[in-house]
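# what's the 3D shape of this:
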Amino acid sequence: MALIQTVAMEDAEGKVKEVYGKLMETVRVIPRPMLMMSVSPDLLAIQIQFLGFGLLAHIRLLVADYINYPYCVEFTSGLLQMLSDITDEQLDTVKADPAAAPLEDKDIFEVAHHGADMVRHGTLLKAFKMAED
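As a prediction, the model looks like this:
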């Protein structure tokens, strides 16, 4: 049982309702880290700005796979497949060899920052017992 009270979709108001609306429009689901962040509407509104698809989705996939965060691996894999023509085999190749990701060179600070953010969310989900099913 989670140790914090999150905001359900049907109870969302203000910033939380706005972010949930964007997520449902784009990915048709509220990812668990975003649900967790609903306890702080201001942080949730900031976080949604960092939820990207091309490069950032690949970073999330690689970090989630590396730290054994299965929920995020499954969600991000599905998201990448929904928004592009990437196959299961290509995803497996990228996880085995990150250099195989079809990405352009990016600033290392942004990549490191986003990867660290993933670790932070995973840690918080575990701390607040939201990683448990």
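
# where are the low-confidence patches of the chain?
Judged against pLDDT under 70, the low-scoring parts of the chain cover residues 51-54, 102-105, 107-108, 132-133.

# Domain-wise, how is it divided?
As recorded under automatic domain parsing, the domains making up the chain are 9-50, 54-127.

# Looking only at the helix ranked longest in the chain, what residues are buried by neighbour count?
The helix spanning the most residues in the chain, taking DSSP state H as the definition, is helix 108-127. Applying a neighbour-count criterion of 16 or more other C-beta atoms under 10 Å, one finds 111, 114-115, 117-118, 121-122, 125 buried in helix 108-127. For the C-beta atoms, the positions are set from N, CA and C on the backbone; glycine is no exception.

# for stretch 34-52, same thing?
Of the residues in stretch 34-52, those buried by neighbour count under the rule 16+ other C-beta under 10 Å are 34-38, 41, 44, 47-48, 51.

# biggest separation within these, which pair?
With C-beta to C-beta as the measure, no two of the buried residues of stretch 34-52 lie farther apart than Pro41 and Leu51, at 15.6 Å.

# Among the buried residues of stretch 34-52, name the ones in strands.
If you go by DSSP state E, the buried residues of stretch 34-52 have nothing in strands.

# Out of the residues you listed, list just those in helices.
With helices defined by DSSP H, the entries of the buried residues of stretch 34-52 inside them are 34-37, 41, 44, 47.

# of these, closest to Gly14?
The closest of those, once distances to Gly14 are taken by C-beta to C-beta, is Pro41, at 6.1 Å.

# who's in contact with the closest one?
Residues in contact with Pro41, defined by C-beta atoms under 8 Å, 6 or more residues apart in numbering, are 14-16.

# now swap in Leu125 and tell me
Neighbouring residues of Leu125 by C-beta under 8 Å, 6+ apart: 32-33, 36, 131.

# circling back to that earlier point, mind putting the ones in helices among the buried residues of stretch 34-52 in CSV, distance to Gln5 included?
As requested, those are arranged in CSV below (distance: C-beta to C-beta, whole Å):
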residue, distance to Gln5
Met34, 15
Leu35, 11
Met36, 11
Met37, 13
Pro41, 13
Leu44, 14
Gln47, 18
